[in-house]
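Engineer: turn this into a model:
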Amino acid sequence: MKFFVPFANDEEQSESVYADIAQFVGVSLHDTDKRIYSIAYNHNGKKMIAEVGKECDSYYQEEFPLVIAILKGNLYKICLRDRGVMRGGPILVSSDKIIGISFFD
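Structural biologist: Numbers count the residues shown, from 1 in each chain. Sure, this is the predicted structure:
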């Protein structure tokens, strides 16, 4: 899958928005960083999947559940409109809870 950020008009805008999100949630980006497309993880004994462009698990009861970006800092950060993009903190997932990860091409 080619890298994208939902609602961005093109790749250039996707990269710009992605960089802005990274700065907002405190993740340093490097040119060699792979962009995360999806992660599977365990949360409270339940397997969950977060995928860019799809809604997050209903467990989170978000009004705007679309996953905008997934970044990796000291924790994985699942960013939704109101959790890590426009305001608030992202959904946090520790590395030891990750079951699988896939990257954009």
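
Engineer: phi first, then psi, for the nearest residue to G88 once chain neighbours are set aside.
Structural biologist: Among residues not flanking G88 along the chain, D82 sits closest, at 5.5 Å (CB to CB, 6 or more residues apart in numbering). From N, CA and C alone the C-beta is placed, and that goes for glycine too. Backbone torsions for D82, taken as degrees, to the nearest 10, come to phi -100, psi 10.

Engineer: go on, R87?
Structural biologist: Dihedral angles (degrees, to the nearest 10) for R87: phi -170, psi 170.

Engineer: and for the chain, the residue most distant from the center?
Structural biologist: Using CA atoms, centre = their mean, the residue of the chain lying farthest from its centre is G45. It sits 20.9 Å away.

Engineer: was I right about the residue nearest to G88 contacting P65?
Structural biologist: No - with contacts counted by CB atoms under 8 Å, D82 stays clear of P65, the gap being 9.5 Å.

Engineer: S14: which element?
Structural biologist: Per DSSP states H and E, S14 falls inside helix 11-25.

Engineer: with Y41 instead?
Structural biologist: Short version, using DSSP H and E: Y41 is in strand 36-43.

Engineer: now that strand: average pLDDT?
Structural biologist: For strand 36-43, the mean pLDDT works out to 98.

Engineer: numbering from 42 from now on, please.
Structural biologist: Sounds good: first residue 42 from here, last item strand 77-84.

Engineer: and the residue nearest to Q54 when sequence neighbours are not counted, what pLDDT?
Structural biologist: Excluding its sequence neighbours, the residue lying closest to Q54 (CB to CB, 6+ apart) is V46, at 7.6 Å. Here, the pLDDT recorded for V46 equals 98.

Engineer: quick check, V46 in contact with A110.
Structural biologist: Yes - at 6.1 Å, V46 and A110 qualify as touching, with contact defined as CB under 8 Å.

Engineer: shared neighbours, the two?
Structural biologist: Taking CB atoms under 8 Å, 6 or more residues apart in numbering as the contact rule, V46 and A110 both touch V58, Y59, I62, V93.
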